[in-house]
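Participant: Next one to model:
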Amino acid sequence: MSRTWERRDILKLGGAGLAQAVAVGASPALAQGASTPSLILRNGKFTTLDAATPAATAVAIVDGRFSAVGDEKTVMKLAGPKTQVVDLGARRVIPGLFDSHTHPIRGGLNYNMELRWDGVPSLAEAMRMLREQAKRTPPPQWVRVVGGFTEYQFAEKRMPTLKEINDAAPETPVFILRLYDRALLNGAALRAVGFTRDTPNPPGGVIERDKSGNPTGMLIAEPNALILYSTLAKGPLLSLDDQVNSTRHFMRELNGLGITSVIDAGGGFQNYPQDYEVVERLARAGELTIRIAYNLFTQKPKEELADFQGWSKIVKPGQGNDMYRHNGAGEMLVYSAADFEDFRQPRPDMAPNMEADLERVVRHLAQVKWPFRMHATYDETITRALDVFEKVNKEVPLQGIHWFFDHAETISPRNIDRVKALGGGIAIQHRMAYQGEDFAARYGKQMVGEAPPVQRILAAGVPLGAGTDATRVASYNPWVSLYWLVTGRTLGGMPIRPKENRLDRVAALRLWTESNAWFSNEEGRKGAIKAGQFADLAVLSADYLSVPDEQIRHLRSVMTVVGGSIVHGAGAYEKLAPPLPAPSPSWSPVGTFGGYYRPRGTPVPAAARKQAAADCCTVHGQGAQAWFADIPVADQKAFWGAIGCGCWMA
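Facilitator: Predicted coordinates:
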């Protein structure tokens, strides 16, 4: 006899041609005390990362956690009359991706006013986007391209010239950040920030000048990035309501790439609690769609200890809930230890007072049992930091605190062993996918092949996790990181990692899921599709385990689940996710271009389509939907006509 859920609640998505699931033949792993599921996902190819049940075809979810994982026939027996059942069409499903080093709190405040060149395949296309956005952006706002790209990803293999930027936007201020190396400003932007021939170079930075001494528009970090982000900070901000909208859209963008958890590593000009108002407002309203653990980044050079002493009185590690919680200190602990990662410049030597500054801060953090993370690119910096940590450890043990280094591109075998002895970890990012060419030019083929020494760290048994360091020094796209870990290639196609320092696809995925739970003190709670763990997962656009290597970086999620709730859907799954308001303000680049680059014809979120439709067709208000339609031709413009309107009246 047919049951209610069989007739009314199974969502058969993707059409009759979907492949049927192959049952794994095992009984599902059940959580203790499991009740009727609110959601069952069936007909999937689940990579669980659980050794007891490595593969499954269905899962059940109760109260935000997996309650059963196993074969479809058995899991479906758990369904009740109100259980929502979704057919996954035999798609690959993975645990939700977890970025252990990123900057989404700051990134969310600015996302809606940034033109992203992340993934754009050519400089010609990037400049087309810039010209179009310059026409749309009202004064006094700027067009901002704030990192996340490299010229090596462009077919032309170069940055735009200052003349090209000025020709594209003669009146609208333009700021283009190339990682943390340099920034390009057009004439309007130079006027907006007030740079003239009389403006002195700031410490650690250079304002490039012409023969007459006038600024050309090139700002160079030598090697301190302060000149770059302090200049960016001179631009107008979004209103509070627009910042809330922007943060929601950025979280949904991350969800669309399969991300369900992040650790926010703080940042300059990101003071606590003032600059956390937006994310905490969303947390209180239950509107976060990614789990955020946040570290606090000192804001005051020479007053770092005072920052951490003050913060440790008002917030404790773990304070919060499963969606928003405090995670400790860093990534900046003391400014005298900040070895910025501009690989076009020589390695910077840290100040003589680094050890004294760092010892005071680390001793305090150990005494109050705050986990901490430390930005450290070079082995020379790591050596000096470990000298301090070992000294503090003799007085206040560091074991069990879950402290770790970020980046560690050139860490030595000896220092890996020292990290292990002190109970620390190492969080790596895909900066070499963006800067591998520059690193190789300065340090050579052998060093770039070990930057960082992933296999050596794993062999030593040191906790290792992966992330992006987005949004400025690299893109927030996790699939670029997975591509780099698996193939050893940069975005420009340069092979930099030998086979012995690459990972297989499952091992790379583990660094992006289960392994990262150590860095947020959440081991066993997330990172696997396993009964009792958080029900966080991503249903992929193609099979990560079998697509050609070059396709890994183009993967996306077609459905993302956080805590048992569908937070993102694309294509046939789009209506399962709650709708978002259109990006605001109305001139936002997100409404036209979205975030990470999508070729024309790629489906985009409904909210972006809504704004783009209104912007593109002022007569009918719906024409831009045609540009985003998934039509079976390569040239959408030729298909729809020169105007590009999909309305039959055009």
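Participant: For residue 451, which non-adjacent residue is spatially closest?
Facilitator: Of all residues not flanking residue 451 in the chain, residue 409 sits nearest, at 4.2 Å (C-beta to C-beta, 6 or more residues apart in numbering). Any C-beta I mention is one placed from the backbone N, CA and C, and that applies to glycine too.
Participant: Actually, residue 399.
Facilitator: Setting aside the residues directly before and after it, residue 399 is nearest to residue 423 in space (C-beta to C-beta, 6+ apart), at 3.9 Å.
Participant: pLDDT weak spots in the stretch 251-400 of the chain?
Facilitator: Along the stretch 251-400 of the chain, no part satisfies pLDDT under 70.
Participant: quick one: the helices in it?
Facilitator: 277-284, 304-314, 354-367, 379-395 (DSSP state H, counting those that start in this stretch).
Participant: Which strands or helices does the longest one pack on?
Facilitator: In terms of contacts (3 or more C-beta pairs under 8 Å, 6 or more residues apart in numbering; DSSP states H and E), helix 379-395 is packed against helix 354-367, strand 373-376, helix 413-421.
Participant: Note down every partner strand of the helix or strand following it and its orientation.
Facilitator: Scanning forward in sequence from helix 379-395 by DSSP states H and E, the next helix or strand is strand 404-407. Applying DSSP bridges, strand 404-407 is found paired with strand 373-376 (parallel), strand 425-429 (parallel).
Participant: okay, these in a markdown table with mean neighbour count and distance to residue 504 next?
Facilitator: Listed next are the strands paired with strand 404-407 as a markdown table, based on neighbours: other C-beta atoms under 10 Å; distance: least, C-beta to C-beta, whole Å:
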| stretch | mean neighbour count | distance to residue 504 |
| --- | --- | --- |
| strand 373-376 | 27 | 27 |
| strand 425-429 | 27 | 17 |
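Participant: which SS state does residue 67 fall under?
Facilitator: Classification of residue 67 by DSSP: H, G, I helix; E, B strand; the rest coil places it in strand.
Participant: what's the burial count for it?
Facilitator: Neighbours of residue 67 under the rule other C-beta atoms under 10 Å: 29.
Participant: Pull up the gap between it and residue 86, please.
Facilitator: Here the distance between residue 67 and residue 86 works out to 16 Å (C-beta to C-beta, to the nearest Å).
Participant: repeat for residue 310
Facilitator: From residue 310 to residue 86 the distance is 47 Å (C-beta to C-beta).
Participant: now do residue 524
Facilitator: From residue 524 to residue 86 the distance is 26 Å (C-beta to C-beta).
Participant: Pick out whichever of these two has more residues nearby.
Facilitator: A direct count of neighbours by other C-beta under 10 Å for residue 524 and residue 86 places residue 86 higher, at 23 against 11.
Participant: mind listing what's buried in stretch 65-81?
Facilitator: Across stretch 65-81, burial judged by 16 or more other C-beta atoms under 10 Å covers 65-72, 74-76, 78-79.
Participant: Using a markdown table, please lay out those residues together with distance to residue 123 and pLDDT.
Facilitator: As requested, those are exported to a markdown table (distance: C-beta to C-beta, whole Å; pLDDT from 0 to 100):
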| residue | distance to residue 123 | pLDDT |
| --- | --- | --- |
| 65 | 47 | 98 |
| 66 | 45 | 98 |
| 67 | 50 | 98 |
| 68 | 51 | 97 |
| 69 | 46 | 98 |
| 70 | 50 | 97 |
| 71 | 50 | 97 |
| 72 | 48 | 97 |
| 74 | 54 | 96 |
| 75 | 50 | 98 |
| 76 | 52 | 97 |
| 78 | 54 | 97 |
| 79 | 53 | 97 |
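Participant: ok, of these, which one's closest to residue 371?
Facilitator: residue 65 (24.4 Å; C-beta to C-beta).
Participant: Residue 132 versus the closest residue to that closest one other than its chain neighbours, what's the distance?
Facilitator: Among residues not flanking residue 65 along the chain, residue 535 sits closest, at 5.4 Å (C-beta to C-beta, 6+ apart). From residue 535 over to residue 132 the distance is 41 Å, taken as C-beta to C-beta.
Participant: circling back: is it true that the residue nearest to residue 399 touches residue 400?
Facilitator: Yes: if you go by C-beta atoms under 8 Å, residue 423 and residue 400 touch, sitting 6.4 Å apart.
Participant: more crowded one of those two?
Facilitator: Using other C-beta under 10 Å, the more surrounded residue of residue 423 and residue 400 is residue 423, with 17 against 10.
Participant: quick one: which helix or strand includes that one?
Facilitator: Going by DSSP H and E, residue 423 is not in any helix or strand.
Participant: quick one: contacts for it?
Facilitator: 398-403 (C-beta atoms under 8 Å, 6 or more residues apart in numbering).
Participant: at 10 Å what do you get?
Facilitator: Residue 423 is in contact with 393, 397-404, 462-463, counting by C-beta atoms under 10 Å, 6 or more residues apart in numbering.
Participant: Looking at those residues, state which has the most neighbours.
Facilitator: Ranking the contacts of residue 423 using other C-beta under 10 Å puts residue 404 first, with 28 neighbours.
Participant: Out of the helices and strands packed on helix 379-395, the one nearest residue 179 is which?
Facilitator: Here strand 373-376 is closest among those (C-beta to C-beta), at 14.9 Å.
Participant: Using CSV, write down the CA coordinates of that closest one.
Facilitator: Extracted in CSV, the C-alpha atoms of strand 373-376 (Å, rounded to 0.1, in the frame of the first residue of the first chain):
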residue,chain,number,x,y,z
ARG,A,373,46.8,30.8,15.5
MET,A,374,49.8,32.7,14.2
HIS,A,375,50.4,33.9,10.6
ALA,A,376,53.9,32.7,9.6
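Participant: contacting residues around the spatially most central residue of the chain?
Facilitator: Centroid-nearest residue in the chain: residue 476, 2.9 Å away (criterion: C-alpha atoms, centre = their mean). With contacts defined as C-beta under 10 Å, 6+ apart, residue 476 is in contact with 99, 102-104, 107, 111, 116, 118, 148, 250, 253-254, 257, 259, 262, 467-470, 595-596.
Participant: out of the residues you listed, which are buried?
Facilitator: 99, 102-104, 107, 111, 116, 118, 148, 250, 253-254, 257, 259, 262, 467-470, 595-596.
Participant: Of those residues, which belong to strands?
Facilitator: Judged by DSSP state E, strands contain the following of the buried ones among the contacts of residue 476: 99, 102, 259, 262, 467.
Participant: ok, which pair from the residues you listed is furthest apart?
Facilitator: Pairwise distances across these (C-beta to C-beta) peak at 10.3 Å, for the pair 259 and 467.
Participant: any residues in contact with both of these two?
Facilitator: 97-99, 102, 476, 478, 512.
Participant: Same list (these) but as CSV, adding distance to residue 124 and pLDDT.
Facilitator: Shown next, in CSV, are the shared contacts of residue 259 and residue 467 (distance: C-beta to C-beta, whole Å; pLDDT from 0 to 100):
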residue, distance to residue 124, pLDDT
97, 32, 99
98, 36, 98
99, 31, 98
102, 30, 98
476, 24, 98
478, 27, 98
512, 33, 98
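Participant: Put together JSON lines for these, with distance to residue 322 on each row.
Facilitator: Compiled in JSON lines, those are given as follows (distance: C-beta to C-beta, whole Å):
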{"residue": "97", "distance to residue 322": "17"}
{"residue": "98", "distance to residue 322": "13"}
{"residue": "99", "distance to residue 322": "17"}
{"residue": "102", "distance to residue 322": "19"}
{"residue": "476", "distance to residue 322": "22"}
{"residue": "478", "distance to residue 322": "21"}
{"residue": "512", "distance to residue 322": "19"}
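Participant: Can you tell me which of the residues you listed is closest to residue 559?
Facilitator: Once C-beta to C-beta is applied, the member of those that ends up nearest residue 559 is residue 97, at 13.6 Å.
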